[in-house]
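# Provided below are the primary sequence and the corresponding predicted coordinates.
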Amino acid sequence: MNNHSYPTPEIVEVCLLAGKLMMQNGAETYRVEDTMSRIALAYGIPESHSYVTPTGIFFAINNSEPAKLIRIVERTTDLHKVTEVNSISRKISTGNLSPRDAVKELSKIECGPLRYSNRVQLVAAALASGCFMIMFGGVWRDFPAAVLCGCIGFASVQYFHRLVRVKFFSEFSASFLIGLLAALLTIAGWGQMMDKIIIGSVMPLVPGLLITNAIRDLMAGHLVSGLSKGADACLTSFGIGAGVAVIITYM
Amino acid sequence: MLAQLFTSFIATAAFGILFHAPRRSLLQCGFVGMLGWLVYYSTTGSMGPVSANLLATVLIGIVSQGFARLYKMPVIIFSVAGIIPLVPGGMAYNAMRQFVQHNYPQALELAISTLMIAGAIAVGLVLSEVINQIFRSIRFRPHIKKQ
């Protein structure tokens, strides 16, 4: 371990960038804090304070230096990026990476392409929809209908999100489309249990992970991030529920 | 039963793709998810959904930690994929649907079970971490004494 051989602003920059990347891509709050303090420790700073929320990270390392803030605007789940940041933080811990190189590598991760192309993701979402329909007690006859609905739903949520950038609206319209399609398919005789088809196809959209993460954060004492993740999850499931309910009510 | 195993494997691996898990971890993700769903599916009738979820999640957490050490990847990759079949997303959506349709008693019931199940899953994950830590501290103590 090299003691204070790097200027502190550079160290803070590395910590903040690593934290931002992890939070943006779906890491848990405690893991982000842990990684940031580990990186600081590896650069010879025994004491650091971080305050991590889903929308921003504060980080301070000395009492003499002002705390810095980084804003997080958009959150997705990209576990591959979390893994890469993890391995970089491991490299820093063993002392093989200077802050300047670390920032360079982290920025490379930030701009890196998505791991799987849109087409592969679409196929995955469609398959998952069909499989979930079976798992929740559907019949194999409905499999093609669930696959089709899941595919359309996932494609439309991505399309609408690119179009308007309002999460609630894109989820509402996607689930509206899913409900409409499921109803039409059932009327046309291609599907039997409309309810199961809808539940299976909205699974790629529903925030199940977010709900669990929120409760986990609350239990760990990260009250602010727990509540905000919970609110996010409620809003999302409200959007999806409302979209489908419109169809069911007026059918 | 075979259909359940097969579909839970495919669904979990597919979710691994949606979450951009590294390609070489997809099979393991599918396996963890299948294991969790198997435990949940076979115990939910006798134990009720909350305890069944707790049991399944503890098992998922322990297996994920084993995989994480084995393949040198963060635990979150395996545990997130593994709990996907269990998380009450479908139930949360159902609760919201009942709210929107003005069936308030049923909606509240569903919302509370959603919270209970999500809590059980979160407790299960934390519990598996605690078990893992106890296990590790017992196993590594002799090495520390030697130094």
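Looks like it came in fine.
# show me the contacts for residue A:204.
Residues in contact with residue A:204 (C-beta atoms under 8 Å, 6 or more residues apart in numbering or on different chains) are A:125, A:128, A:129, A:150, A:153, A:154, B:15, B:18. Where C-beta positions appear, they are placed from N, C-alpha and C, glycine not excepted.
# Give me the secondary structure label for residue A:57.
Assigned by DSSP: H, G, I helix; E, B strand; the rest coil, the conformation of residue A:57 is strand.
# can you count the residues close to it?
Residue A:57 has 26 neighbours, counted by other C-beta atoms under 10 Å in any protein chain shown.
# bridging residues for it?
For residue A:57, the beta-bridge partners are residue A:52, residue A:70 (DSSP bridges).
# so it makes contact with residue A:21?
No. The pair residue A:57 and residue A:21 does not pass the contact test of C-beta atoms under 8 Å, sitting 10.6 Å apart.
# before we move on, back to that, name the nearest of the contacts of residue A:204 relative to residue A:248.
Taking C-beta to C-beta as the measure, residue A:248 lies nearest residue A:153 of those, at 15.6 Å.
# distance between the host helix or strand of the closest one and the chain's centre?
According to DSSP states H and E, residue A:153 maps onto helix A:143-164. Chain-centre distance of helix A:143-164: 18 Å, with C-alpha atoms, centre = their mean, to the nearest Å.
# from the contacts of residue A:204, which two are the most distant?
Using C-beta to C-beta, these span at most 14.7 Å, a distance reached by A:153 and B:15.
# can you pull the pLDDT of residue B:142?
Residue B:142 is assigned a predicted lDDT (pLDDT) of 57.
# contacting residues around the residue nearest the centre of chain B?
Nearest to the geometric centre of chain B sits residue B:83, at 2.6 Å (C-alpha atoms, centre = their mean). By C-beta under 8 Å, 6+ apart, the residues touching residue B:83 are A:209, A:212, B:36, B:57, B:60, B:121, B:125.
# In TSV: those, plus pLDDT.
Below are the contacts of residue B:83 laid out as TSV (pLDDT from 0 to 100):
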residue	pLDDT
A:209	75
A:212	78
B:36	93
B:57	93
B:60	93
B:121	89
B:125	87
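# Looking at those, which is nearest residue A:238?
Closest to residue A:238, out of all of those and judged by C-beta to C-beta, is residue A:209, at 16.9 Å.
# In contact with that closest one, which residues?
Counted by C-beta under 8 Å, 6+ apart, residue A:209 has contacts A:26, A:77, B:80, B:83, B:84, B:87, B:89.
# Looking at those residues, which are in helices?
B:80, B:83, B:89 (DSSP state H).
# Those residues into a markdown table, with extra columns for pLDDT?
Formatted as a markdown table, the ones in helices among the contacts of residue A:209 follow (pLDDT from 0 to 100):
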| residue | pLDDT |
| --- | --- |
| B:80 | 84 |
| B:83 | 88 |
| B:89 | 74 |
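# where do the helices sit along the stretch 51-200 of chain A?
With DSSP state H, counting those that start in this stretch as the criterion, the stretch 51-200 of chain A has helices at A:79-93, A:99-111, A:118-135, A:143-164, A:167-188, A:194-202.
# Just name the most buried of the ones you listed.
helix A:194-202 (a mean of 28; mean count of other C-beta atoms under 10 Å in any protein chain shown).
# Name the residues of the helix or strand just after that helix that are buried.
Counting by DSSP H and E, the next helix or strand C-terminal to helix A:194-202 is helix A:208-219. By 16 or more other C-beta atoms under 10 Å in any protein chain shown, the buried positions in helix A:208-219 come out as A:208, A:209, A:210, A:211, A:212, A:213, A:214, A:215, A:216, A:217, A:218.
# Which strands or helices does the next helix or strand after helix A:208-219 pack on?
Downstream of helix A:208-219, the first helix or strand assigned by DSSP H and E is helix A:223-249. Contact here means 3 or more C-beta pairs under 8 Å, 6 or more residues apart in numbering or on different chains; DSSP states H and E; on that basis helix A:223-249 packs against strand A:49-53, helix A:167-188, helix A:194-202, helix A:208-219, helix B:89-100.
# Any buried residues in helix A:223-249, and which?
So helix A:223-249, judged by 16+ other C-beta under 10 Å, has buried residues A:225-226, A:228-230, A:232-234, A:236-248.
# Check stretch B:51-60 too.
Quick answer for stretch B:51-60 (16+ other C-beta under 10 Å): B:52, B:53, B:54, B:55, B:56, B:57, B:58, B:59, B:60.
# so the first one makes contact with residue B:36?
In this case it means residue B:52. No. The criterion here is C-beta under 8 Å, and residue B:52 misses it with residue B:36 at 10.2 Å.
# low-confidence ranges in chain A?
Applying pLDDT under 70 to chain A picks out residues A:1-4.
# change it to 50
A:1-3 (pLDDT under 50).
# Which of the helices and strands in chain B ranks last by mean pLDDT?
None of the helices or strands of chain B scores lower by mean pLDDT, DSSP states H and E than helix B:89-100, at a mean of 81.
# Residues contacting it, please?
By C-beta under 8 Å, 6+ apart, helix B:89-100 touches A:132, A:136, A:199, A:202-203, A:206-209, A:211, A:233, A:237-238, A:240-242, A:244-245, A:248-249, B:104, B:106-107, B:110-111, B:113-114, B:117.
# let's see 7 Å
Among residues not part of helix B:89-100, those counted as contacts by C-beta atoms under 7 Å, 6 or more residues apart in numbering or on different chains are A:136, A:199, A:202-203, A:206-208, A:211, A:237-238, A:240-242, A:244-245, B:106-107, B:110-111, B:113-114, B:117.
# Contact residues of chain B facing chain A?
Residues of chain B lying near chain A by C-beta under 7 Å from any C-beta of the partner chain: B:3-4, B:7-8, B:10-11, B:14-15, B:17-22, B:37, B:73-74, B:76-77, B:80, B:83-85, B:87-90, B:92-93, B:96-97, B:99-101, B:118-119, B:121-122, B:125-126.
# give me the number of residues near residue B:2?
Quick note: residue B:2 (other C-beta under 10 Å) scores 6 neighbours.
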